[in-house]
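Asks: Attaching a predicted model along with its sequence, questions to come.
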Amino acid sequence: MRKVQSIILWAVITVCVIGLITLPVNLQTQLIASTTVVSLMAIIKILKAGGVWRLIALAFGTAIVLRYVYWRTTETLPPVNQPENFIPGLLLYLAEMYSVMMLGLSLFIVAMPMASRPSRVTEKKLYPSVDVFVPSYNEEVTLLTNTLAAAKAMDYPADKLTVWLLDDGGTLQKQNSPDVREAEAAIARNQILNSLCDELGVNYLTRTHNQHAKAGNLNNGLKHSKGELVAVFDADHAPARDFLLETVGYFADDPKLFLVQTPHFFINPDPLERNLRTFDRMPSENEMFYGIIQRGLDKWNAAFFCGSAAVLSRRALETTEGFSGISITEDCETALALHSAGWNSVYVDKPLIAGLQPATFASFIGQRSRWAQGMMQILRFRFPLLKRGLSFPQRLCYMSSTLFWLFPFPRTIFLFAPLFYLLLDLQIFTASGGEFLAYTLAYMLVNLMMQNYLYGSFRWPWISELYEYVQTVHLLPAVISVMVNPRKPTFKVTAKDESVAVSRLSEISRPFFVIFAALAIALGIAVYRVYTEPYKADVTLVVGGWNLLNLILAGCALGVVSERGEPSSSRRVKVRRRCEFGMGGTWHPASIEDVSVGGTRLQVFSRALSQSDLSAEAAIRFQPHGGGEPVMLPLVIRRVEPSGDATMLGCQYQPKGPLDHRWIADLIFANSAQWAEFQQSRRRNPGLLRGTIWFLGLSIYQTHRGLLYFLLGITRRRDNKPGGSNSQ
């Protein structure tokens, strides 16, 4: 009976909503209604009203969006008998409907996301045995050493913890390669990593062939191990000491649990953050996914495996014959298979690992291309909407995650649609300036406000649009290629621990300057047409404003592809930790001010140090997070700066062997609280108005910087040509 009542209630509500959004009103009434809704949403936001008021504001916004969709569908499409207008007009309409659909899926997932789970520390009697897998392909030995040392140092009973390095760079296939250079490199790698693992107490495992990429490597690890649970860390993802304490206990609560996923936290900026210099003051791009979306997915039992920083049940993996490998995104595909088999997942919203992001724009695009192509493969081969075994909410969640990567298509259409009118005089959107104001502008404002409601402290205004634009230029052909040939893409390892030694333009930056030039020319034409065609000035101003918005995004992107020189991809992390500094047999009280994977900055309470001590061998002595006796880490002094009664030292680690990397890992990765504190320091919502003004200023500056890099690049190329000023 209650179910019937619910169906009737929803039917009545649906009829009322349809009646409301299809109600015929004049332009003035629509304008008043739109202004009223925008004002009410703004008031609720200013008052910081949460709970049901948040849902009321989102409901108001949804009404305006649906009203816009109805108007857009019934009154703005060009006539079918004008194909030159109708075809591009239909493409623009479909792009807008895609955006509305994705907004609807976002509302379903994150309108009321699950609250962050409280800290969970397992009782010792509940500790299951855990195999830790660190899959590797071509990473540097130092990077692997830090990750393996951090994994080995996790707070967990030693007899229940086994760490495995799964090396796909030293396989027999590579050692026997007909390419002598590749074969010798694989043999040397195998020997070096074998020795490293012996010293760290880690199991080294390789295989015969490099089949099925990362998924095949992980499955090979499953065959040779026997732990009840499997923790997976990428080669550049070092875990904190409490990683397992915070995760394994959930498996005792639910026998059908297959996954506990934690967020990926990065200690270095991605290329956008580095080149725009926003890393220390604005939330990272991945925080919107890990801070909000994964919690929303978790509410519907649809949080999925992200390839690293996760614990999985061996028993669950055995039911689906291990990690799935049809697509090149084995993580999401594996989660989809297990969710459809009736298994459950949990998301723990606490940063428990620290990793590295791609440092160059080209590597960033390569990583995103793999994600986009893999998700398209899942959409093609698994099609979540019709996947048997999934609940209806899970179907919607997985459809949202896969369909998102179609964004290059609508983003391209939004970029070039104004040019159809300004350059070709095509009428692809039949509406007056007043109708644009009452419907389209209201829709855009409401859309931005809803995005701010959903992601305010995790994503600032216009940043999503910027990220999508800079990816679209190169992801569009990648997505098209996988649609044409879904089995063509192969797994490519993301470059780790890169650096940009010299400021330069990215090697894939040219299309961004071409697009910027085209949009700038179109803006000039728009201004010209306003004066020469005053009878169409209202429409021209609207389309010109749209083009100007695209130009602002394109200008900011010029700064993104202008790589700032930075000697190291590693960032220094503030820690404030007491220690002793020793040199020449004398020990001084000191504090560790910040650390990176390569060195540390110390405040030594002594005036006896001077520039003459540069490159001198020294050491620090400190208490590790795990307790026990103080440990010593060798250093070499690189910089000396007097500071009142103390001296500031810039030091580089000088590990004498792999075991010293355990203390480096203890300094950098052991304390997960520092990552949470850093994240919280960036999570603030500037609001829609202030955020827009900030982005406009950012775009103006980055446009100038990008054009300067472009001109400098031309000058360098000219000077380096034979006969140029630098030729001999």
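Replies: Looks like it arrived, so ask away.
Asks: Can you spell out which helices and strands pack onto the one helix or strand residue 217 maps to?
Replies: Mapping residue 217 onto the secondary structure by DSSP states H and E places it in helix 213-224. Here helix 213-224 touches strand 130-136, strand 161-167, strand 203-205, strand 229-232, helix 314-319, helix 330-340, going by 3 or more Cβ pairs under 8 Å, 6 or more residues apart in numbering; DSSP states H and E. All C-beta atoms are positioned from the backbone trio N, CA, C, and that covers glycine.
Asks: closest to residue 571 out of those?
Replies: strand 130-136 (22.0 Å; Cβ to Cβ).
Asks: Give me the buried positions along whichever helix or strand comes after that closest one.
Replies: As assigned by DSSP H and E, the chain's next helix or strand after strand 130-136 is helix 141-152. Neighbour-count burial for helix 141-152 flags 143, 144, 145, 146, 147, 148, 149, 150, 151, 152 (criterion: 16 or more other Cβ atoms under 10 Å).
Asks: any chance of these in CSV, plus distance to residue 633 and pLDDT?
Replies: CSV is the format used below for those (distance: Cβ to Cβ, whole Å; pLDDT from 0 to 100):
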residue, distance to residue 633, pLDDT
143, 18, 90
144, 19, 93
145, 14, 92
146, 13, 91
147, 18, 94
148, 17, 95
149, 12, 94
150, 15, 94
151, 19, 96
152, 16, 94
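Asks: what two of those residues are the furthest from one another?
Replies: 143 and 152 (15.1 Å).
Asks: From residue 458, how far out is the most centrally placed residue in the chain?
Replies: Centroid-nearest residue in the chain: residue 286, 3.1 Å away (criterion: Cα atoms, centre = their mean). Look at residue 286 and residue 458: by Cβ to Cβ, to the nearest Å, they are 10 Å apart.
Asks: One more: residue 243?
Replies: 23 Å.
Asks: do you know which of the helices and strands packed on helix 213-224 lies nearest residue 674?
Replies: The nearest among the helices and strands packed on helix 213-224, by Cβ to Cβ, is strand 229-232 at 21.0 Å.
Asks: Note down every partner strand of the closest one and its orientation.
Replies: strand 130-136 (parallel), strand 310-313 (antiparallel) (DSSP bridges).
Asks: any chance of the ones you listed in TSV, plus distance to residue 248, mean pLDDT and mean neighbour count?
Replies: Formatted as TSV, the strands paired with strand 229-232 follow (distance: least, Cβ to Cβ, whole Å; pLDDT from 0 to 100; neighbours: other Cβ atoms under 10 Å):
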stretch	distance to residue 248	mean pLDDT	mean neighbour count
strand 130-136	7	97	25
strand 310-313	6	97	25
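Asks: Adding distance to residue 630, write those strands out as JSON lines.
Replies: Shown next, in JSON lines, are the strands paired with strand 229-232 (distance: least, Cβ to Cβ, whole Å):
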{"stretch": "strand 130-136", "distance to residue 630": "27"}
{"stretch": "strand 310-313", "distance to residue 630": "32"}
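Asks: Among those, which comes closest to residue 664?
Replies: strand 130-136 (16.4 Å).
Asks: So what's the gap between that closest one and the chain middle?
Replies: 23 Å (Cα atoms, centre = their mean, to the nearest Å).
Asks: that older thread, of all the strands paired with strand 229-232, which lies closest to residue 15?
Replies: strand 310-313 (44.6 Å).
Asks: which residues sit against the closest one?
Replies: 130, 228-232, 244, 247-248, 251, 257-262, 305, 343 (Cβ atoms under 8 Å, 6 or more residues apart in numbering).
Asks: of those, buried ones?
Replies: 130, 229-232, 244, 247-248, 251, 257-262, 305, 343.
Asks: Let's see which of those end up in strands.
Replies: Mapping those onto strands (DSSP state E) picks out 130, 229, 230, 231, 232, 257, 258, 259, 260, 261.
Asks: doesn't residue 130 make contact with the second one?
Replies: Yes. Look at residue 229 against residue 130 with Cβ atoms under 8 Å: they come within range, at 4.7 Å.
Asks: Need the pLDDT of residue 728.
Replies: Turning to residue 728, the model gives it a pLDDT of 33.
Asks: Hmm, I typed the wrong one, I wanted residue 33.
Replies: Predicted confidence (pLDDT) for residue 33: 84.
Asks: Check the secondary structure at the nearest residue to it once chain neighbours are set aside for me.
Replies: Ranked by Cβ to Cβ, 6 or more residues apart in numbering and with sequence neighbours excluded, the top spatial neighbour of residue 33 is residue 25, at 7.3 Å. With DSSP: H, G, I helix; E, B strand; the rest coil as the basis, residue 25 sits in coil.
Asks: Any idea which helix or strand in this protein has the lowest mean pLDDT?
Replies: helix 2-21 (a mean of 67; mean pLDDT, DSSP states H and E).
Asks: rewinding a little: which element is the residue nearest to the centre of the chain on?
Replies: Per DSSP H and E: helix 285-288 holds residue 286.
Asks: follow-up on the earlier one: just checking the distance from the helix holding residue 217 to the centre of its chain.
Replies: Worked out by Cα atoms, centre = their mean, helix 213-224 lies 25 Å from the chain centre.
Asks: Mean confidence (pLDDT) on it, please.
Replies: On average, the pLDDT along helix 213-224 is 94.
Asks: buried set for the top helix by length along the chain?
Replies: When the chain is parsed with DSSP state H, its longest helix is helix 688-720. For helix 688-720, burial by neighbour count (16+ other Cβ under 10 Å) applies to 688, 691, 694-695, 698-699, 702-703, 705-707, 709-710.
Asks: which residues do residue 229 and residue 130 both contact?
Replies: 248, 311.
Asks: pLDDT score assigned to the nearest residue to residue 500 once chain neighbours are set aside?
Replies: Closest residue in space to residue 500, ignoring its immediate chain neighbours: residue 563 at 4.8 Å, by Cβ to Cβ, 6+ apart. On pLDDT, residue 563 comes in at 92.
Asks: that older thread, tell me how far the residue nearest to the centre of the chain lies from residue 371.
Replies: 12 Å.
Asks: Is the residue nearest to residue 33 in contact with residue 32, as I believe?
Replies: No. Counting by Cβ under 8 Å, no contact exists between residue 25 and residue 32, whose distance comes to 9.2 Å.
Asks: Let me know how buried the nearest residue to residue 696 once chain neighbours are set aside is, in neighbour terms.
Replies: Nearest-residue entry for residue 696: residue 552, 6.7 Å, with adjacent residues in sequence omitted and distances by Cβ to Cβ, 6+ apart. For residue 552, the neighbour count with other Cβ atoms under 10 Å is 20.
Asks: related to what we said a few turns ago, immediately after the least confident helix or strand of the chain, which helix or strand?
Replies: By DSSP H and E, the next helix or strand past helix 2-21 is helix 27-46.
Asks: Show residues contacting that next one.
Replies: Contacts for helix 27-46 (Cβ under 8 Å, 6+ apart): 25, 53-54, 56-57, 60-61, 63-64, 67, 434-435, 437-439, 442, 445-446, 449, 452-453, 687.
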